[in-house]
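what shape does this take:
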Amino acid sequence: MPSPLNFTRFRPRLLDAMADYSKERFFKDLGAGATVGIVALPLAMAFAIASGLKPEAGIWTAIIAGFLISLLGGSAVQIGGPAGAFIVIVYGIVERYGVANLLIATACAGVLLFAAGLFGLGRLVRFVPLSIVVGFTNGIAVLILLSQLKDLLGLSVEKMPADVFSQLHAMALRIGTFNPYAFALGVACVAGLVLWRRLPRLPLHIAQTRAVQMGARVPGPIVALVTLTLVSWGFALPVETIGTRFGGIPEGVPGFALPDFSWETVKQLVTPTLTIALLGAIESLLCARVADQMSGQPRHDPNQELMAQGIANMVTPFFGGMPATGTIARTVTNIRSGASSPVAGIVHAVTLMAVVLLAAPLARHVPLAVLAGILVFVGLNMGEWREFTPGQLRHFSRHYRLLMLGTFFLTVVFDLTVAVQAGIVLACALFIRRMSGLFSVELETLQPPVLTYRIYGALFFGAAAKLDEAVNAAERAPRGMTVVLDATHLIYLDATGIDALRQLHRAVLARDGVLRIESLQPQPREVIERSGFAEELAAGRPHAVEG
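Next up, the predicted model:
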C-alpha cells in the first residue's frame, strides 16, 4: 500500500510518455485517436439518450472527460467517457432526483474519486471479489437490453419508469403502438454489427481481399449509423429520430453553468453520489487492467487514474455532462488501432469535437431505433454470459455461485448499490466463515502435570469460540496443571482472540495452574505484548511467553 497521502505523487502518465516520444508514435496515436473519436460519437449519443438525457450530454462528456482523463490519467491507452454501465444508474437518478441533482451528485462523486486516489485507495478496488464484478456486470447488461426495448420496438410510451418491472409493465400496456419500421432498423443494426465484426473471420481468400480489409478498418457503429440513417431518411420512414424527440443537437460549445448547489441537497444525494463514485472507480480500474494486458504498456497507476477520473467528473457537470469512467469498448478500439500513449485519447476528444461542430445538423436524422440497436449490441457483448451456463457454474464453489448469482439478481431487481453492498457484506461473511473453518485446536499430549494443545490458523472473532473446548478442559483439569499452547502455526491474532486466551488463562489460574504460550509468530506475539496479556502471563512466571 502506498503512503497515506499522495500530494507529491500526482504524475500523469502523459509526462512519462513524452520522455521518449517520436514522430512515428505521434502518427500512430493520431490515427488511433481519430478512429476512436468517430466510434465514440454514436455510443456517446446512445448512452445519454438511454440514460434519460439529451444526446449532447453524452457527446460533451465524451469530449471533456475523455480529454481530461487522457491528459491527467494513470493509464497510457485508456479512453474515458460515458459508459453503458452508467445507463441504469443515471436513468434512476434522473427519475428520482432530476437532472440538476444528477449534476450535483456527479460533481460530488468526482470529489470522492479524487480523494480516493489522493489517499492511495486505488488498489483497494482490487479487493472486490470477481464473483461480484461478474454478477453486477451481467445484471447491468440485462438492464441495458431491457431499457432499449421501447425504442427498438418503436413503442410510444410517454414516460418510462425507473425500475425494471414498471418498465416492462409500461411497455406491455403500449404494445399496440409497435412500429415495424423501427424494429426493422434496430434488428438490421444489430445484425449488421455482428456481421461486420466477423469480417476478419471470413475464409482466408475472402478476408484478405482489399475491399474486405479496408471495410474491416471502418468502425461498425459508424457504418450502421450512416447507412441506416440514410435508409430512414431516403425512404422517409415513420420512425422517431433525434430531431423529432430532442430537436437536434446544438452546434456550439455548451456554456459553463453552476448547478443550484446547497449542503441540504448534497445530504439528500449521498446514495447516488456513492453509487456513481463506486461504479466509476470499479469500471475505470477494471478497464485499465484490461488495457495493460492488451497493450503491453507499463502498468497503470490506479491512484493517478482515480484522481483523473475525479477531476473529469468534477468538471463535466458544469457543462451539462453525465458521469464518466473508463470505457472498455473504446479502449480496446484504441489499442487495436495502434495507440501508444495518452496522446491518442486527447486526439479522440479533439476529433469528436470537430465532428460534432461540423456535422451537428445532420444528427437530427438519426433514428433512435438505430441507437437502440447499437446499445443492444453493446449489452450483448458486455455480459459474460458463459459464466452463467450450467457447465461453467459447476466448476465454481458454492460461495462463488451464491455471490455471483445473488449480485446479479439484486442488480436487476433492485439496483447496483444494493447489489454491491449486499455482495460485499455476503463476501465478508463467507470469508469469515471459511477462515474460521481453517482454525483448529488439537490436543497434542496429556501427560500430567502438563496439558499441551497445538493451535492452527487465525484466532480472530470468527473462530474464538473454538477455544472453548480448551477452556472447559482447563476447568476440569487437576490442580496445579500446566497448560501449554504450541503457537507455531498460529498466523493471526486479534482482540477477540486475546479475550479468548484471557478466558483460558483465568480458567487455568482458578485451578492453580500455569498457562504457557510457545513458538509465537511475529504478529500474534506483537498483539499479545501490545495488549498487556504478556505481562499477565509472565507475572511471577518469566517463561510463560516464548517466541
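
next secondary structure element downstream of the helix ranked longest in the chain?
If you go by DSSP state H, the chain has its longest helix at helix 23-50. Following helix 23-50 in sequence order, the next helix or strand is helix 55-72 (DSSP states H and E).

mind listing the strands for the protein?
Per DSSP state E, the chain carries strands over the ranges 80-81, 325-326, 440-447, 450-459, 482-493, 514-518.

so can I have JSON lines of the ones you listed showing distance to Gln421 and mean pLDDT?
C-beta coordinates here come from the backbone N, C-alpha and C atoms, glycine included. Converted to JSON lines, the strands of the chain look like this (distance: least, CB to CB, whole Å; pLDDT from 0 to 100):
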{"stretch": "strand 80-81", "distance to Gln421": "26", "mean pLDDT": "95"}
{"stretch": "strand 325-326", "distance to Gln421": "19", "mean pLDDT": "93"}
{"stretch": "strand 440-447", "distance to Gln421": "32", "mean pLDDT": "81"}
{"stretch": "strand 450-459", "distance to Gln421": "25", "mean pLDDT": "91"}
{"stretch": "strand 482-493", "distance to Gln421": "26", "mean pLDDT": "92"}
{"stretch": "strand 514-518", "distance to Gln421": "39", "mean pLDDT": "90"}
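
mind putting the ones you listed in a markdown table, mean neighbour count included?
Formatted as a markdown table, these follow (neighbours: other CB atoms under 10 Å):
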| stretch | mean neighbour count |
| --- | --- |
| strand 80-81 | 34 |
| strand 325-326 | 29 |
| strand 440-447 | 12 |
| strand 450-459 | 20 |
| strand 482-493 | 19 |
| strand 514-518 | 21 |
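
in JSON lines, list these along with distance to Glu158.
JSON lines is the format used below for the strands of the chain (distance: least, CB to CB, whole Å):
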{"stretch": "strand 80-81", "distance to Glu158": "30"}
{"stretch": "strand 325-326", "distance to Glu158": "31"}
{"stretch": "strand 440-447", "distance to Glu158": "64"}
{"stretch": "strand 450-459", "distance to Glu158": "58"}
{"stretch": "strand 482-493", "distance to Glu158": "59"}
{"stretch": "strand 514-518", "distance to Glu158": "72"}
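
of the ones you listed, which is nearest Val366?
Distance to Val366, taken as CB to CB, is lowest for strand 80-81 among these, at 18.4 Å.

average pLDDT for the longest helix of the chain, rounded please.
Helix 23-50 comes out with an average pLDDT of 90.

what's the answer for stretch 280-294, then?
Mean predicted confidence for stretch 280-294 is 87.

list the buried residues for that stretch?
280-292 (16 or more other CB atoms under 10 Å).

how many residues are close by the nearest residue to Asp499 once chain neighbours are set aside?
Once flanking residues are discounted, Asp499 sits nearest to Ala464: 7.1 Å by CB to CB, 6 or more residues apart in numbering. The number of residues packed near Ala464 is 21, by other CB atoms under 10 Å.

same check on the one 10 residues further on?
Neighbour count for Ala474, taken as other CB under 10 Å: 23.

going forward can the numbers begin at 827, since that is how I track them
OK, 827 is where the count begins now, so the last one is Ala1300.

contacts only, for it.
Leu1277, Met1307, Val1309, Leu1330, Ala1333, Val1334, Arg1337, Gly1339 (CB atoms under 8 Å, 6 or more residues apart in numbering).

and with 6 Å instead?
Val1309, Ala1333, Val1334 (CB atoms under 6 Å, 6 or more residues apart in numbering).

would you mind measuring from the last one to Thr1308?
Applying CB to CB, to the nearest Å, the value for Val1334 to Thr1308 is 8 Å.

what residues does the residue nearest to Asp1325 make contact with?
Neighbouring residues of Ala1290 by CB under 6 Å, 6+ apart: Thr1322, Gly1323, Ala1326.

name the residues of the longest helix of the chain that are buried.
Neighbour-count burial for helix 849-876 [16+ other CB under 10 Å]: 851, 854-876.

gap between that helix and the chain center?
22 Å (CA atoms, centre = their mean, to the nearest Å).

also compute the angle for it relative to helix 881-898, please.
With axes from the mean of the first three to the mean of the last three CA atoms, to 10 degrees defining the directions, helix 849-876 sits at 150 degrees from helix 881-898.

coming back round to it: make a markdown table from the buried residues of stretch 1106-1120 and add distance to Leu897 to it.
Formatted as a markdown table, the buried residues of stretch 1106-1120 follow (distance: CB to CB, whole Å):
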| residue | distance to Leu897 |
| --- | --- |
| Gly1106 | 17 |
| Ala1107 | 19 |
| Ile1108 | 22 |
| Glu1109 | 19 |
| Ser1110 | 15 |
| Leu1111 | 18 |
| Leu1112 | 21 |
| Cys1113 | 17 |
| Ala1114 | 15 |
| Arg1115 | 21 |
| Val1116 | 21 |
| Ala1117 | 16 |
| Asp1118 | 19 |
